[in-house]
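In: output the structure for:
(chains A and B)
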Amino acid sequence: MSQSTVQRPARAVKDSAPPPKHARRRRKTKERPQQFRGLVSPHTLTTPRGKIVYWTVLTFVVVGFTLAFVFPLYWMVTGAMKSPDELVAVPPSFFPEELNFAVYAEAWDLLDLGTFLKNTLIYAAGAWFFTLTFDVAAAYALSKLRPVFGKVVLALVLSTLMIPPMVILLPAYLSVVELPIFGWNLLNTPWAIWLPAAANGFFIFLLKRFFDSIPRELLEAAQIDGASPMRILWSVVLPVSRPILGVVSILAVVNVWKDFVWPLLVLPDSEKMSISVGISSLSAQMPQNVLIAALVIASIPAILVFLVFQRSIMAGLTAGSLKG
Amino acid sequence: MTTLSAKDRRQHPGALRRSVSRNLTAYGFLSGALICFAFFSWIPMVREFILSFQKTNFVNSTEWVGLENFRTVLDDPAFISAWVNTAIFTLLALVFGYIVPFVFAVVLNELRHAQGYLRLIVYLPVMLPPAVAVLLFKWFYDPGAGLFNQALGVVGIPPLSWLDSTTTALPSLVIVSTWMNLGTGTLIYLAALQSIPSELYEAAELDGAGLFKRVWHITIPQTRLILLVMLLLQIVATMQVFIEPFLLTGGGPENATVTVAYLMYQYAFSFGNFGGGGALGLMLMLVLIVFSAFYLRVSRDRT
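Out: Next up is the predicted model:
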């Protein structure tokens, strides 16, 4: 029984995040040569003229994309290593005169990047923890425990999707300055990042939709064995929900890592700033090459995360039921 | 078998007690999220309305001022500029950021080589923290030694003043914004394109439809829902533009790049006028809510 039931949610979530064992099979169906064709028929591509056009277009696209998306990053990494004189030289040098890696150490010290990175890591980790704990619990309650007024709560949660974050920026900031009812001031504390991050209607929507696809019998069997709701969530629901938990985790971390306006407002103390805000607040006072080196250092974690979790990130992209 | 016994249990006399305890448990599970939503979404949503009719600074107690905040904001010469700039920015961002990813996706979909590489690099800028991307472009836009003017010099075109001229400043912001966002659209369209059945193209080809006719009569109609969803999403996203003017131009030159969100920020944090900022936020909210409600409707229809 357990085998067949574990399969079901996995199938239902195909559009959001294929679990590893299905991934391979799904890929096969998409494999190009045999079945797939786009605008241009495979036959046209075998003619001499078709071949010439295809390879021309391919070269053009590869070169163009590399220039547009990789070259700016190359320019950034090498620009940091150029001396201020070399930076303003006309025409610019394609390779830096010397590979001056010391500038990265200088940027690290001058901008106190260690502190900023540590802060950002704390904010992202806490946001991840609270998002997963609160949103998974809430989605589980809405999907499986179905309390009275559950539908109303769900509608209220989904209604927040209609309000773009920027338009409630000021009142949300006021909530941080003086938390309603309690009157606490959360400015310059990690809570100002963690708690608002957990109030994410989209995550609850994704999680609930996944939990809905877990067959009832599976939970009822555990219930009859005397398992508490907590225990069912932990040992039955979570193990089969790994793909969606992966997607939500990565989105939660990336959101915090990329966010700018919110940390700019709620963490004004330079000791507490996130890396984006920290670098931009110091950008005016830094020599150009040091600033660029700081930008390189700030992009490394994001690019590493991307290269490692590419698959889940791409899955998260189409997770909002955006399948043709 | 299991379902049966569960049903039996529900009819036992202890059913009421169990239902009460189930509800208590459920709300226990919900409590963490509900508190976060209450403090940082629901109360702020209501407070947005209150805020714009009040005078709020952190020195005196708040008082009701009726429509005064709206009057202040409407009398501000930057008000019109902000809305016009936001509209132009959104429109330009649509011309580039909406059409370009679709064209990219259509072309990428035809390629049998290097697709993995191309998908990877087109999404690379999306992963950069926006502040990093924007500051990087600030350096590229540098009138003297920036990459763009250097590149123009190589081709023999006289340098542009990019961020420093009223005519090029706003388009410059659009370029950054497009560069760092178009990967998302490209990959989403690409996923949609792969679900178009090949037979449609084959049939069209037999009927003698040329390449552009096939795009027009098959590719676009087959992806029209996703195109609509992305259109609405992008309008909502770009109308909130803040970080580009904040980091690149500070709204200048001569208010040429002031946007509504940036003006709202200025009211609250430069002029200390939260009421004025609240009034602007409320207006922006009323405009955006139309698009996002439409978006939610469309995307719900699809699932």
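In: which residues does the closest residue to residue B:129 other than its chain neighbours contact?
Out: In this structure, residue B:129 finds its nearest non-sequential neighbour in residue A:276, 4.6 Å apart by Cβ to Cβ, 6 or more residues apart in numbering or on different chains. In this view, the C-beta of every residue, glycine as well, is placed from N, C-alpha and C. Neighbouring residues of residue A:276 by Cβ atoms under 8 Å, 6 or more residues apart in numbering or on different chains: A:120, A:258-260, A:263, A:298, B:129-132.
In: so which helix or strand takes in residue A:276?
Out: helix A:275-282 (DSSP states H and E).
In: hang on, isn't residue B:78 packed against residue B:259?
Out: No: assessed by Cβ atoms under 8 Å, residue B:78 is found out of contact with residue B:259, at 10.2 Å.
In: buried set for stretch B:249-256?
Out: Residues B:249, B:251, B:255-256 are the ones in stretch B:249-256 that count as buried (16 or more other Cβ atoms under 10 Å in any protein chain shown).
In: chain A contacts on the stretch 201-303 of chain B?
Out: The stretch 201-303 of chain B comes close to chain A at residues B:201-202, B:205, B:211, B:214-215, B:219, B:222-223, B:225-226, B:229, B:236-237, B:240, B:242-243, B:247, B:261, B:264-265, B:268-269, B:274, B:277-278, B:281-282, B:284-285, B:288-289, B:292-293, B:296, B:299, B:302-303, as judged by Cβ under 8 Å from any Cβ of the partner chain.
In: need the pLDDT of residue A:1.
Out: For residue A:1, the pLDDT comes out at 32.
In: brain fart, residue B:104
Out: pLDDT, read off for residue B:104, is 92.
In: and if you look at the one 3 residues further on?
Out: Reading off the per-residue confidence, residue B:107 sits at a pLDDT of 91.
In: in three-state terms, label it for me.
Out: helix (DSSP: H, G, I helix; E, B strand; the rest coil).
In: OK, contacts around the closest residue to it other than its chain neighbours?
Out: Closest residue to residue B:107 apart from its sequence neighbours, by Cβ to Cβ, 6+ apart: residue A:61 at 6.1 Å. Applying Cβ under 8 Å, 6+ apart to residue A:61 gives the contacts B:107-108, B:111, B:114, B:118.
In: quickly find the element holding residue A:61.
Out: Using DSSP H and E, residue A:61 falls in helix A:48-65.
In: about what we covered before: give me the subset of the residues of the stretch 201-303 of chain B next to chain A lying in strands.
Out: Judged by DSSP state E, the subset of those located in strands is empty.
In: residue ranges in the stretch 151-300 of chain A under the pLDDT threshold?
Out: Nowhere does the stretch 151-300 of chain A drop to pLDDT under 70.
In: which stretches of it form helices?
Out: A:169-177, A:191-198, A:201-212, A:216-224, A:229-232, A:238-240, A:242-258, A:261-266, A:275-282, A:288-317 (DSSP state H, counting those that start in this stretch).
In: closest to residue A:115 out of those helices?
Out: With Cβ to Cβ as the criterion, residue A:115 lies closest to helix A:275-282 of the helices of the stretch 151-300 of chain A, at 7.7 Å.
In: now the angle from the closest one to helix A:288-317?
Out: 150 degrees (axes from the mean of the first three to the mean of the last three Cα atoms, to 10 degrees).
In: how far is helix A:275-282 from where the chain is centred?
Out: 20 Å (Cα atoms, centre = their mean, to the nearest Å).
In: now do that helix against helix A:242-258, angle only.
Out: 10 degrees.
In: put the alpha carbons of helix A:275-282 into CSV.
Out: Extracted in CSV, the C-alpha atoms of helix A:275-282 (Å, rounded to 0.1, in the frame of the first residue of the first chain):
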residue,chain,number,x,y,z
ILE,A,275,25.0,42.5,1.9
SER,A,276,23.0,44.3,-0.8
VAL,A,277,22.1,47.2,1.4
GLY,A,278,25.6,47.3,3.0
ILE,A,279,27.4,47.6,-0.3
SER,A,280,25.1,50.1,-1.8
SER,A,281,25.2,52.3,1.4
LEU,A,282,29.0,52.4,1.2
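In: pull out the buried residues from the helix or strand harbouring residue B:48.
Out: Assigned by DSSP H and E, residue B:48 belongs to helix B:43-52. For helix B:43-52, a neighbour-count test (16+ other Cβ under 10 Å) marks B:43-45, B:47-48, B:50-52 as buried.
In: coming back round to it: reformat the helices of the stretch 151-300 of chain A as TSV; add distance to residue A:154.
Out: Listed next are the helices of the stretch 151-300 of chain A as TSV, based on distance: least, Cβ to Cβ, whole Å:
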stretch	distance to residue A:154
helix A:169-177	22
helix A:191-198	17
helix A:201-212	7
helix A:216-224	18
helix A:229-232	18
helix A:238-240	21
helix A:242-258	17
helix A:261-266	25
helix A:275-282	33
helix A:288-317	22
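In: quick one: which of these is nearest residue B:193?
Out: Using Cβ to Cβ, these put helix A:288-317 closest to residue B:193, at 14.6 Å.
In: give the buried residues for that closest one.
Out: Here helix A:288-317 shows A:288-299, A:301-302, A:305-306, A:309, A:312-317 as buried, counting by 16+ other Cβ under 10 Å.
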